[in-house]
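In: Here is the input, now give the coordinates:
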Amino acid sequence: MTSSRVKKLIKKHRFRHTLIHFIYSKTARYFKYRKQIQIKNWVKKNTEFIKKNKLPCFYFDSDNGFCDIGGVKFLYSSDLSAGLLGLEYKGVFEPAETNLVLSNLKENSVFFDIGANFGYYSLIVAKNVKGAKIHSFEPVKTTFNHLKKNIDINKFNRIIKPNCLAVSDKEGEVRMTSYLYSGDHIVKYESTNKGLIPVKTITIDKYIEENNISNIDFIKCDIEGAELLMLKGAVNSLRKFKPKLLLELNEQWTERLNYNPKEVIDLLKELNYEYQIVGEDKKIHSSSGDLEKDLSIGNNLFFYSRSLS
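Out: This is a model prediction of the structure:
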């Protein structure tokens with residue numbers, strides 16, 4: 001093959017390479033542009049939906065959705081079976097309970113969030129209580145991962161310590177499910193084995209000992225009927241620190257663990273605690289002495305030590 005022939009072939013292939021590169025670059029830019037347009041249209045469409053449905057605190061950042069509540073960002077995810085508990089629609093969650101928690105905390109308070117879910121109370125306390133130290137407990141792994149993301153997004157890593165643990169009356173292991181509705185993960189041992197996962201348990205007394213915690217100011221606990229077990233594993237800490245408590249008591253849930261809500265009242269009464277009810281009307285009500293009547297007003301009870309009242 002002559003040198004002139006070789007040169008012609010090289011020139012020909014160079015042209016083909018240049019042409020292919022040109023077509024590819026133009027095509028890529030075209031599809032990239034189309035993708036950008038699709039994203040912009042998607043954001044525009046959802047932004048209009050948000051305004052139409054009066055969701056002023058919900059917004060999009062890149063391909064993520066957030067709720068901004070008082071400067072705290074809550075990441076929206078389809079992994080959360082109950083969404084953001086209405087934050088995305090109402091812009092508020094349990095306002096009376098939230099005010100109650102914040103009004104009973106002061107600078108440098110220690111707050112335990114047991115049954116933290118995606119971190120609503122943990123993040124709100126971190127944002128509003130200067131110097132607070134927060135210990136959050138969420139046993140369901142998918143929800144726990146979401147809790148950690150929210151902590152990271154808000155840069156509260158030095159304030160909140162997340163724990164993927166179930167709080168109970170003894171150390172060990174329980175079975176839970178991650179496929180039911182958020183707030184419905186505890187199952188009976190004789191029930192279906194579908195989707196059950198082992199979760200480590202710890203007591204509050206043991207956790208305080210292991211982490212050299214010198215005080216607790218407030219415990220918020222919403223753990224699907226296992227509140228009595230939590231209290232039994234925290235008796236020494238309750239006696240020593242006398243923290244205020246916000247507990248949800250629901251007879252439908254306590255039945256699954258074979259006890260009556262009155263057992264919670266009796267245990268705390270022995271520890272010199274009294275309670276008030278956070279009503280469905282968002283007001284604080286004094287106890288009538290009749291638990292059944294009190295729980296008809298609301299399921300969230302605020303306990304405080306008589307020695308501190």
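
In: from the middle of its chain, how far away would the helix or strand hosting residue 122 be?
Out: Assigned by DSSP states H and E, residue 122 belongs to helix 120-128. Distance, stretch centre to chain centre, for helix 120-128: 11 Å (Cα atoms, centre = their mean, to the nearest Å).

In: neighbouring contacts of the next helix or strand after that helix?
Out: Counting by DSSP H and E, the element after helix 120-128 in chain order, helix or strand, is strand 133-137. Strand 133-137 is contacted from outside by 108-116, 119, 122, 125-126, 147, 156, 159-163, 165-167, 207, 211, 213, using Cβ atoms under 8 Å, 6 or more residues apart in numbering. Glycine gets a C-beta too; all of them are placed from N, C-alpha and C.

In: now stretch 289-296
Out: With Cβ under 8 Å, 6+ apart as the test, stretch 289-296 has contacts from 249, 251, 261, 262, 265, 277, 285, 287, 288, 301.

In: Can you point out the buried residues in that stretch?
Out: For stretch 289-296, a neighbour-count test (16 or more other Cβ atoms under 10 Å) marks 291, 294, 295 as buried.

In: which one among the residues you listed gets closest to residue 139?
Out: Distance ranking of those against residue 139, using Cβ to Cβ, places residue 295 first at 25.3 Å.

In: Pretty sure that closest one sits in a strand.
Out: No: looking at residue 295 with DSSP: H, G, I helix; E, B strand; the rest coil, it is helix, so not inside a strand.

In: Just the buried ones out of the contacts of stretch 289-296, please.
Out: Buried among those (16+ other Cβ under 10 Å): 249, 261, 265, 277, 301.

In: Pipe those into a markdown table and attach distance to residue 85, secondary structure and pLDDT per row.
Out: Below are the buried ones among the contacts of stretch 289-296 laid out as a markdown table (distance: Cβ to Cβ, whole Å; DSSP: H, G, I helix; E, B strand; the rest coil; pLDDT from 0 to 100):
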| residue | distance to residue 85 | secondary structure | pLDDT |
| --- | --- | --- | --- |
| 249 | 19 | coil | 93 |
| 261 | 22 | coil | 94 |
| 265 | 26 | helix | 97 |
| 277 | 21 | strand | 97 |
| 301 | 19 | strand | 98 |
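
In: if we can go back for a sec, between the helix holding residue 122 and strand 133-137, what angle do the directions make?
Out: 170 degrees (axes from the mean of the first three to the mean of the last three Cα atoms, to 10 degrees).

In: residues near the residue nearest to residue 95 when sequence neighbours are not counted, how many?
Out: Residue nearest to residue 95 in three dimensions, not counting chain neighbours: residue 282, with 6.2 Å by Cβ to Cβ, 6 or more residues apart in numbering. Counted by other Cβ atoms under 10 Å, the residues lying close to residue 282 total 12.

In: Could you do residue 112 as well?
Out: For residue 112, using other Cβ under 10 Å, the count is 28.

In: got the CA positions of whichever strand or helix holds it in PDB?
Out: Secondary structure from DSSP H and E places residue 112 in strand 110-114. Taking C-alpha atoms only, strand 110-114 is exported to PDB below (Å, rounded to 0.1, in the frame of the first residue of the first chain):
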ATOM      1  CA  VAL A 110     -31.000  16.700  78.200                       C
ATOM      2  CA  PHE A 111     -33.800  15.400  76.200                       C
ATOM      3  CA  PHE A 112     -34.700  11.700  75.400                       C
ATOM      4  CA  ASP A 113     -36.800  11.100  72.300                       C
ATOM      5  CA  ILE A 114     -37.900   7.500  72.500                       C
END
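
In: Now do that strand: which elements does it pack against?
Out: Packing partners of strand 110-114 (3 or more Cβ pairs under 8 Å, 6 or more residues apart in numbering; DSSP states H and E): helix 120-128, strand 133-137, strand 218-221.

In: got these as TSV, with distance to residue 238 and mean neighbour count columns?
Out: Formatted as TSV, these follow (distance: least, Cβ to Cβ, whole Å; neighbours: other Cβ atoms under 10 Å):
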stretch	distance to residue 238	mean neighbour count
helix 120-128	19	23
strand 133-137	15	24
strand 218-221	9	24
